[in-house]
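# Provided below are the primary sequence and the corresponding predicted coordinates.
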Amino acid sequence: MVRGIRLGSPPRPPQTYHMQERYAQHKRKSRWCKRPPLRFVLIWAAFVFVLTVLYRVSHDTIRQPLSGYKIGWQAHDKISVRPDQKSTSQTQNGEASNGATAQEAWDSEALDASLDPSFPLDAYAPLLPNPAPITDITVESCSLLSLGPCLPRSSQLKEANLGRWVRVDRPLGADTAAQKGRGALGGGVFDKLFGNIESRYIFYRRSRRAGVRKVVDVKIVKANQPAPGTREQGWHKTKKDLGTPFFRMLGTGEQVHLWFQTVGGHKGDDEEDDSPMASPGQHHNRPGHTIDDMFKEIDDEFKHMIAGDGKGKTEVIEIIGREKSKELGKVAREKLPRQSTQQDAITEIDLVYGQNEAFPGFTIVGQISPAKPSMSMVSVSLAVRRRPQPDPSSPIAPTFHQDGKFKIMQIADLHFSTSPEPCRGTDTTPCNAKTMTDLMGQWLDEEKPDLVVFSGDQLNGQGTSWDERSVLATYLRPVIDRKILWTSIMGNHDSQTGLLTRRELQLLLSHMPYSLARAGPANLHNGTGAGNYYIHLRAPTPDATHLFSLYFLDSGVNAPVTGMGSLLPWSFFGISASKGYDWVRKDQIQWLLDQSRKVVKHIVPYKPDSGKDLGRIWAKRRQDQDSSRLVTTRRSDIRRDDKTWDAHSAEGSGGRKPPALLWVHIPLPEFFSPVDKNELGQDMIIGQPQGETSGIRGAQKEGGLYDALQGQGAENDVVGVLSGHMHENADCRRIKGIWMCFNGGSSLLGYGSTKMERRVRIIELEQWGEQINTWHRYERTRGRLDEATLWEMFPAKGKH
């Protein structure tokens, strides 16, 4: 019997080639089912990796050193993180270690007494009026693939003298800045992956120490242009150019370098930082001869000369500068400024994207990169600030004029963008952002308002206003240049695109010159609202009576997503899952009613105090009922008809609350309710017929505010509600006793129609706020249009 063959079983017939192949495939399938699908796992891992990279790129995770978050170090006058003196050690040859040298450099010169020690030196805060001069500038690449912090090299000595490196947190590449600002609304996969892998930034140092060098000038120089000056004149060139990796990869654009000029300081300030902790002795010619040794020689020579001829300190410095000793003369010249200049030192650096204005106080000094329309890229410009100017003090409560008038201009729906955008619905040519700011200037010059109200959608959103600061400076320039008080609320587009939240944007607006805007309580609108506040208008007389109120409420963006839409709350290509617009929430309504209840009644009709019957005037601090801030007010006892009464009391039958106007961006649903009729049976409507076809679908999705105002009865102080949002509606209509007014589109950059001119609404308060008149100023048609008396506290008999 043959081994390996069972008895009684016939031998297996030879298999054909096709049967063998089929058997092999069967075995491979069996192995695939028994072990993990390796290809599937690899594909899935690659997909997760790509998503992770996209997430990191869109959330700007370039790391900063932890030391940059410390409080102190030339930043505060009461907090210090100076090196511990106990840790200072001496080497065997008597030379101090690096730590000791930095400590000595710290204590070698006193802080400049003219500089405010409360401003931070190691944080980028361009809106703070920090007067500390910039001492050094460089350009550095920041990469997401880098394991270390994004920070240029430095040394302890340099940090002690010149300051720590601070990043100007605005990318030099417009493509990187746009991608960050657009977020989910813009930028393809290629842009998100490669546009942010490496970004270039400007870094600078600043110091408030006396005697250190200061940057007094900066220039942008192309490769084919001559240098602005020599090293002896204090000019320095950054090692790296200002070009972005995107342009270098495509081989486009010229090489551009940043040059800066310094005055003052010491020789060691000019040396390069070759290592992260360069030894102080390496900055000088003689080995082992430190700055302190050379300064000691100068001090000894000072004492010798002063003892010899009694010359003053200034004269002694001049003598040392003329010393025949080459070495001592060289050291003395290094300690003195290189050249005398009257230029103020540069205190801040900023970037401006697109053809926009520099922020107030800054000046554009040159263009870093030009616009490339074919690649949808805007230009990038460098702006600097020298001596910061204090913001003009804006009154907490503006006052009426002596004739009892106060004029307000409402500007609605400007829709400005960082990137150049075409005008819409107009035949005006040429037409761009400058055309619009010129038109705003024309309106302001014609009316000369006391207050301008920007009623929302100042920014276009929709992926085009990706850098808010560049846009704010542009549309606010006409108002700020004319020194006109202004305020604003948010629209549904303002926070749609950009790096700032609604509250951050409103806080930024509140710190602009001549601004009366405020962010308001942070908990309103379910914790997401910004711009819920009020302004009280007072009498210009010593009694400072509160005569009129202006309320502002945030109407939000889009209605919250509910139902199946809540499973996909994000947006695809900028298309939101939400349907309808947001609304004023219950907590905002309650806050408004609470503020209204706090308003003190006054005698009406109001008659200003002449000052002749003033009794004892008090000048005391009191918590103003109109504001959360402390203000100094004057209050008087006034005698009329042998009766003493208080200007802030509600004595007499004529006492009532000051009337008020309320602004929201998105109109209330009641804007489309049936209109009141006058005694002749006519609809109480002022202005052109409404042109919007969406009707109530363009209003807030839910009501509640109007009913709350009506529920106050005789205590209701709001006589009119004003809004924007719907560009082709510009009428006023009275609905159950309250006037509802659209503004109409003000901007050529927002949607509109050639049949309807762009416009602003004027609200003029007369008779100390007891009468409200309104009219429009149009884009082309001159004069007052749609003029009417909107409301009167004491209408003439038969007039309604």
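Everything's here; your move.
# For the rest of this, base every contact and every neighbour count on C-alpha atoms.
Fine.
# which one is residue 143 nearest to, not counting chain neighbours?
Nearest residue to residue 143, sequence neighbours excluded (Cα to Cα, 6 or more residues apart in numbering): residue 198, at 4.3 Å.
# wait, I meant residue 241
Of all residues not flanking residue 241 in the chain, residue 257 sits nearest, at 4.6 Å (Cα to Cα, 6+ apart).
# and the one you found, what is it in contact with?
Contacts for residue 257 (Cα atoms under 8 Å, 6 or more residues apart in numbering) come out as 220, 221, 222, 223, 237, 238, 240, 241, 242.
# Inside helices: which ones of those residues?
With helices taken from DSSP state H, there is no overlap with the contacts of residue 257.
# Drop anything exposed from those residues.
220, 221, 222, 237, 238, 241, 242 (16 or more other Cα atoms under 10 Å).
# So the residue nearest to residue 143 sits against residue 144, correct?
Yes - at 6.7 Å, residue 198 and residue 144 qualify as touching, with contact defined as Cα atoms under 8 Å.
# Does residue 381 belong to a helix, a strand or coil?
strand (DSSP: H, G, I helix; E, B strand; the rest coil).
# So what sits opposite it in the bridge?
Beta-bridge partners for residue 381, by DSSP bridges, are residue 352, residue 367.
# what mean pLDDT would you report for the host helix or strand of residue 258?
Applying DSSP states H and E as the criterion places residue 258 in strand 256-263. In this model, strand 256-263 carries a mean pLDDT of 94.
# partners of it in the sheet?
Sheet pairing of strand 256-263 (DSSP bridges) gives strand 214-222 (antiparallel), strand 235-237 (antiparallel).
# Tell me the span between the first and last residue of stretch 498-514.
Its first and final residues considered, stretch 498-514 spans 24 Å by Cα to Cα, to the nearest Å.
# Show residues contacting that stretch.
With Cα under 8 Å, 6+ apart, stretch 498-514 has contacts from 180-183, 360, 391-394, 461, 465-468, 480, 483-486, 488-490, 494-495, 515-519, 522, 528-531.
# Kindly recompute the last result at 7 Å.
Residues from elsewhere that reach stretch 498-514, judged by Cα atoms under 7 Å, 6 or more residues apart in numbering: 181-182, 391-392, 394, 465-468, 480, 483-486, 495, 516-519, 529-531.
# Mind checking which of these are buried?
The neighbour-count test (16+ other Cα under 10 Å) applied to the contacts of stretch 498-514 identifies 181-182, 465-468, 480, 484-486, 495, 516-519, 529-531 as buried.
# In strands only, show me those residues.
Those of these mapping onto strands are 485, 486, per DSSP state E.
# what about residue 793, neighbour count?
By other Cα atoms under 10 Å, the residues close to residue 793 number 14.
# quick one, what contacts it?
770, 771.
# low-confidence ranges in the stretch 351-500 of the chain?
Along the stretch 351-500 of the chain, no part satisfies pLDDT under 70.
# Let's test this: what are the backbone torsions at the nearest residue to residue 468 once chain neighbours are set aside?
Take residue 468 and drop its neighbours on the chain: the residue closest to it by Cα to Cα, 6+ apart is residue 498, 6.2 Å away. Main-chain torsions, residue 498, degrees, to the nearest 10: phi 130, psi 180.
# pLDDT on stretch 753-772, on average?
Per-residue scores along stretch 753-772 average to 96.
# List the contacts of that stretch.
For stretch 753-772, contacts defined as Cα under 7 Å, 6+ apart pick out 400, 404-411, 425-427, 547-548, 743-748, 773-779, 789-793.
# Just the buried residues of those residues.
Those of these that meet the buried threshold are 400, 404-411, 425-426, 547-548, 743-748, 773-779, 790-792, by 16+ other Cα under 10 Å.
# Could you identify the longest helix within this structure?
For the chain, the helix with the greatest residue count under DSSP H is helix 38-58.
# Only C-alpha atoms, please: export that helix in PDB.
The C-alpha coordinates for helix 38-58 follow below in PDB (Å, rounded to 0.1, in the frame of the first residue of the first chain):
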ATOM      1  CA  LEU A  38      -5.200  46.500   5.300                       C
ATOM      2  CA  ARG A  39      -5.900  48.700   2.300                       C
ATOM      3  CA  PHE A  40      -9.200  49.900   3.900                       C
ATOM      4  CA  VAL A  41      -7.400  50.800   7.100                       C
ATOM      5  CA  LEU A  42      -4.700  52.700   5.300                       C
ATOM      6  CA  ILE A  43      -7.200  54.700   3.200                       C
ATOM      7  CA  TRP A  44      -9.200  55.500   6.300                       C
ATOM      8  CA  ALA A  45      -6.000  56.600   8.200                       C
ATOM      9  CA  ALA A  46      -5.000  58.800   5.300                       C
ATOM     10  CA  PHE A  47      -8.500  60.400   5.300                       C
ATOM     11  CA  VAL A  48      -8.400  61.000   9.000                       C
ATOM     12  CA  PHE A  49      -4.900  62.600   8.600                       C
ATOM     13  CA  VAL A  50      -6.100  64.900   5.900                       C
ATOM     14  CA  LEU A  51      -9.100  66.000   8.100                       C
ATOM     15  CA  THR A  52      -6.800  66.600  11.000                       C
ATOM     16  CA  VAL A  53      -4.400  68.800   8.900                       C
ATOM     17  CA  LEU A  54      -7.400  70.700   7.600                       C
ATOM     18  CA  TYR A  55      -8.600  71.300  11.100                       C
ATOM     19  CA  ARG A  56      -5.300  72.500  12.300                       C
ATOM     20  CA  VAL A  57      -4.800  74.800   9.400                       C
ATOM     21  CA  SER A  58      -8.200  76.400   9.800                       C
END
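# low-scoring stretches of the stretch 601-750 of the chain, by residue?
Within the stretch 601-750 of the chain, the set of residues satisfying pLDDT under 70 comprises 610-654.
# quick one on the thing from earlier: what's the neighbour count on the residue nearest to residue 468?
Neighbours around residue 498, by other Cα under 10 Å: 26.
# do residue 714 as well
Residue 714 has 10 neighbouring residues, counting by other Cα under 10 Å.
# which ones are touching the spatially closest residue to residue 603 that is not a sequence neighbour?
Nearest residue to residue 603, sequence neighbours excluded (Cα to Cα, 6+ apart): residue 655, at 4.4 Å. By Cα under 7 Å, 6+ apart, the residues touching residue 655 are 601, 602, 603, 604.
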